[in-house]
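Student: Just need the structure, nothing else, for what follows:
(chains A, B, C and D)
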2 protein chains.
Amino acid sequence: MDELTERQRYLLTLIIHDYIQHAHPVGSKYLVNEFNLGLSSATVRNELSTLDEKGYLRQPHTSAGRVPTEDGYRYFVGHLLQNTELPSPTRHMIAHQFYQMPYDVEQWMRLAASILAQHSHAASVVTAPHPEEARFKHLELIQTRGRQVLMILVLQGGEVDQQYITLTEPVSQQQLSEAAQSLTNRLVNASADQVGHMALNLSGLEQDIARLVLQEMKSVNINPMGEVFLDGISHVLAEPEFVDSEDARMAIRSLEERSILRDLLVSSHPTSEVGGVQVLIGGEGTRDELRQCSLILTQYGVPGMVTGMLGVMGPMRMPYGRSISTIRFLSSLLSDLVEDTLTEA
Amino acid sequence: MDELTERQRYLLTLIIHDYIQHAHPVGSKYLVNEFNLGLSSATVRNELSTLDEKGYLRQPHTSAGRVPTEDGYRYFVGHLLQNTELPSPTRHMIAHQFYQMPYDVEQWMRLAASILAQHSHAASVVTAPHPEEARFKHLELIQTRGRQVLMILVLQGGEVDQQYITLTEPVSQQQLSEAAQSLTNRLVNASADQVGHMALNLSGLEQDIARLVLQEMKSVNINPMGEVFLDGISHVLAEPEFVDSEDARMAIRSLEERSILRDLLVSSHPTSEVGGVQVLIGGEGTRDELRQCSLILTQYGVPGMVTGMLGVMGPMRMPYGRSISTIRFLSSLLSDLVEDTLTEA
DNA sequence: GTTAGCACTCGATTGCTAAGAGTGCTAATT
DNA sequence: AATTAGCACTCTTAGCAATCGAGTGCTAAC
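Tutor: Residues are numbered from 1 along each chain as shown, chains lettered A, B, ... in the order given. Below you'll find the model as predicted:
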């Protein structure tokens, strides 16, 4: 069930490219004419027939042309897709957009999601960089009213968590500032566990605050990813396979419910992988909602330290080449940005 | 073109309710049977005919039942919709969800968007509370690396803006903290203009920072709304009027591009209004993309001080009653929360 | 003002046919 | 042994006519 002849591989490539572009079953005669193969349609038919037997193609009905199967796409992505890079002008344009932006993670994320959606003509998912293990950097406490206090916790890597907390009794801004500064000095660079230990040696206000910091850091540790940014949902609806809208609804629904994303991004499913980029075809290994879809995912950031994910969701009939190149380029770009953020002066 | 008899109003109400529920043209015979009118279908036909002439109903084709026109919906919303409140248990359930949440604006927004989408079976839009005019409350500066500094600006009303800034030369955390504290003392409660004036009397680091604060506050003043939260996009796709997907794509696209929302939320279009809630039917006064849609919008917060918007976008055939009650209830709930935030101890 | 009755309209459904696209198979060719 | 021409077969699609039925408007009677 394995080896394909050179010609079969070529034909499979042609069919997939053509089908991705036109969304129409492609037949033997059409192939011969369109691509000036020096062959007769009958020969091509024989080849298609074996491709069919091997499970890479199928016919929607007896008298239709061929359409790639999931396995077909998988073979294509795994063996036939040459590993192109984004053209240099495009790369520069994208990089330029990032570097002329204010230094703001949220805006980077939005930009990345937008670019990704635009280049892949599909829905994009980007998660904010998230530390593998939270490490304390800085704490601020700001009085709002009465016992309510805004706690701002900055982690190594630049993640900023803000949270309103309620103390047991009113405290002046003066006291809060002192506590914050004292804790900041004590806790710099501490992990959650270390914060936990240190909290034992504290008392009063500082201990209360330290416990809240601990709690927040723990929840950062547990939560496997940062904020999720979506874009390009409307692209998915433009695809002909989603005109009946039922499937489209399911797919979009799964994006809206970020919980599914969580599962997806966290567990790495064994599947096609092209240079660090995961390709899930036909929603393999995920829930049924995505059976019609393909996903392209990759991690960015500094492994083991601070990472985030980039992803594209579209129909199986998706421009894999372009999507993969874009995702790979964005991944390296964001990785650089994250790395910059990490290497403290 | 104005006065309708009681019976005509009743029939119009029945038709609209039924059409909203079933999305099928409703005919005279069906009405008589279904609702036990003590009338013959012929009589009803006469009435429908005048309703037709007045422009409140129309027939998709000669031999079909009646369907409400935009004007029909408008009349319904303006004159026939009795101003129901959400049932008390529902109100309590919703309120409970809010009050058992951590005190966090972002989470409130998400929750509001989610509840709104769920109750209206349509797409919801919620913007974060945004001050009419920014007033300074607190400033923090946190060293990240070299000349790069995280500036956290807290405004009266609780809005927190964070931004990475780059100084002309490296400064120690010590100096930053002092500058932040000094500025905070000086600027408390200042408007953007006042910050501008005070900046003139400062020098060195403090002046640089004050200018950045000014800039940020100005941009808050210019930007008419806070962050936008969407939910329930997939609901829109479920509606039969959007199966052909082209219109749906347009509509969703307009939501994705928040710029359109801006136009929409900022300019208040003269239109049906029910107790402070604006109802735009058939996308009146907006761009063509929303011609198929209705929007229900309202403001919440403390007028003139801190406000945000709540909105629902769905097909014209939309459960106006429920959507309006939900939106109104959420609006009062969020207003209370915002007010709480404002009334400092 | 209401109603029964009737002719009429027009979308939806059904059944049929013809055209067309594409296949698989076989036998002839290289 | 691979290629090809030819042909029978299958199945979708478009088009067309016939029928059905829901729903209307109108008129005349109550």
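
Student: mind checking how far the closest residue to A:Val26 other than its chain neighbours is from B:Glu227?
Tutor: Of all residues not flanking A:Val26 in the chain, A:Gly65 sits nearest, at 4.6 Å (Cβ to Cβ, 6 or more residues apart in numbering or on different chains). In this view, the C-beta of every residue, glycine as well, is placed from N, C-alpha and C. Using Cβ to Cβ, to the nearest Å, A:Gly65 is found at 48 Å from B:Glu227.

Student: Comparing these two, which shows the higher neighbour count?
Tutor: Higher neighbour count among A:Gly65 and B:Glu227: A:Gly65, with 19 against 16, using other Cβ atoms under 10 Å in any protein chain shown.

Student: OK, contacts around that one?
Tutor: Going by Cβ atoms under 8 Å, 6 or more residues apart in numbering or on different chains, A:Gly65 touches A:24-28, A:30, A:59.

Student: sorry, back to before: let me know the distance separating the residue nearest to A:Val26 from DNA strand D.
Tutor: Distance of A:Gly65 to DNA strand D, given as Cβ to the nearest atom of the strand, to the nearest Å: 11 Å.

Student: next one: A:Gln143
Tutor: As judged by Cβ to the nearest atom of the strand, A:Gln143 and DNA strand D stand 66 Å apart.

Student: Whichever of the contacts of A:Gly65 end up buried, select them in ChimeraX.
Tutor: Only the buried entries of the contacts of A:Gly65 go into this ChimeraX selection, using 16 or more other Cβ atoms under 10 Å in any protein chain shown:
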select /A:25,26,27,28,30
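
Student: Throw the contacts of A:Gly65 into CSV and include distance to DNA strand D, secondary structure and pLDDT, thanks.
Tutor: Output for the contacts of A:Gly65, formatted as CSV (distance: Cβ to the nearest atom of the strand, whole Å; DSSP: H, G, I helix; E, B strand; the rest coil; pLDDT from 0 to 100):
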residue, distance to DNA strand D, secondary structure, pLDDT
A:His24, 10, coil, 92
A:Pro25, 10, coil, 93
A:Val26, 15, strand, 94
A:Gly27, 12, coil, 92
A:Ser28, 10, helix, 93
A:Tyr30, 15, helix, 93
A:Gln59, 9, coil, 93
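
Student: Please go through the contacts of A:Gly65 and note which also touch DNA strand C.
Tutor: Counting by Cβ under 7 Å from any atom of the strand, A:25-28, A:30, A:59 from these sit close to DNA strand C.

Student: which two in those residues are spaced the farthest apart?
Tutor: Greatest spatial distance among those (Cβ to Cβ): A:Tyr30 and A:Gln59, at 13.9 Å.

Student: Contacts only, for the closest residue to A:Glu241 other than its chain neighbours.
Tutor: Nearest non-adjacent residue to A:Glu241, counting by Cβ to Cβ, 6+ apart: A:Pro315, 4.8 Å away. Neighbouring residues of A:Pro315 by Cβ under 8 Å, 6+ apart: A:122, A:236, A:239, A:241-242, A:292-294.

Student: Tell me the one of those nearest chain B?
Tutor: Closest approach to chain B among these (Cβ to the nearest Cβ): A:Phe242, at 7.2 Å.

Student: In terms of pLDDT, where does A:Ile327 sit?
Tutor: Note for A:Ile327: predicted pLDDT of 96.

Student: Need the phi and psi values for it.
Tutor: Backbone torsions for A:Ile327, taken as degrees, to the nearest 10, come to phi -60, psi -40.

Student: Equivalent analysis for the one 5 residues further on, please.
Tutor: For A:Ser332, the backbone dihedrals (degrees, to the nearest 10) come out as phi -70, psi -40.

Student: what's around it, how many residues?
Tutor: Around A:Ser332 there are 14 residues (other Cβ under 10 Å).

Student: cool, and A:Gly146?
Tutor: Counted with other Cβ under 10 Å, A:Gly146 comes out at 13.

Student: Might one say that it is in contact with A:Pro170?
Tutor: Yes - look at A:Gly146 against A:Pro170 with Cβ atoms under 8 Å: they come within range, at 5.5 Å.

Student: residues from the stretch 151-300 of chain A in reach of chain B?
Tutor: Contact residues (Cβ under 8 Å from any Cβ of the partner chain) of the stretch 151-300 of chain A with chain B: A:152, A:154, A:158, A:160, A:162-166, A:170, A:177, A:181, A:231-234, A:237-238, A:242-245, A:248-249, A:252-253, A:256.

Student: Pop the domain breakdown of chain A in here.
Tutor: Domain assignment of chain A by automatic domain parsing yields the ranges A:6-80, A:88-129+A:226-342, A:136-222.

Student: Return the set of buried residues in the strand or helix carrying A:Leu212.
Tutor: If you go by DSSP states H and E, A:Leu212 is part of helix A:204-222. Neighbour counts over helix A:204-222 (16+ other Cβ under 10 Å) mark A:205-210, A:212-214, A:216-217, A:220-221 as buried.

Student: ditto for stretch A:35-42
Tutor: For stretch A:35-42, using 16+ other Cβ under 10 Å, the buried residues are A:37, A:39, A:41.

Student: Mind checking if that stretch is in reach of DNA strand D?
Tutor: Yes - judged by Cβ under 7 Å from any atom of the strand, stretch A:35-42 comes into contact with DNA strand D at A:38-40, A:42.

Student: tell me the mean pLDDT for that stretch?
Tutor: pLDDT averaged over stretch A:35-42 gives 89.

Student: End to end on it, go ahead and measure it.
Tutor: 15 Å (Cα to Cα, to the nearest Å).

Student: ok, residues contacting it?
Tutor: For stretch A:35-42, contacts defined as Cβ under 8 Å, 6+ apart pick out A:14, A:28-29, A:31-32, A:44.

Student: out of everything not next to it in sequence, what's closest to the closest residue to DNA strand D within the stretch 101-250 of chain A?
Tutor: Closest to DNA strand D within the stretch 101-250 of chain A is A:Pro240: 12.2 Å, counting by Cβ to the nearest atom of the strand. Residue nearest to A:Pro240 in three dimensions, not counting chain neighbours: A:Ala23, with 5.0 Å by Cβ to Cβ, 6+ apart.

Student: my read: the one you found touches A:Phe242, true?
Tutor: No - using Cβ under 8 Å, A:Ala23 makes no contact with A:Phe242, being 11.2 Å away.

Student: between those two, who's got more neighbours?
Tutor: Each of A:Ala23 and A:Phe242 has its neighbours counted (other Cβ under 10 Å); A:Phe242 has more, 23 against 13.

Student: quick one: contacts for the more buried one?
Tutor: With Cβ under 8 Å, 6+ apart, A:Phe242 has these contacts: A:236, A:248, A:251, A:292, A:315, B:245.

Student: Okay, it and DNA strand C: tell me how far apart.
Tutor: 23 Å.

Student: Repeat that for A:Glu216.
Tutor: A:Glu216 sits at a distance of 58 Å from DNA strand C (criterion: Cβ to the nearest atom of the strand).

Student: quick one: that residue and A:Val160 touch, right?
Tutor: No - using Cβ under 8 Å, A:Glu216 makes no contact with A:Val160, being 11.4 Å away.

Student: intersection of neighbour lists for those two?
Tutor: A:Leu153.

Student: contacts for stretch A:184-198?
Tutor: With contacts defined as Cβ under 8 Å, 6+ apart, stretch A:184-198 is touched by A:133-139, A:156, A:210, A:213-214, A:217-218, A:221.
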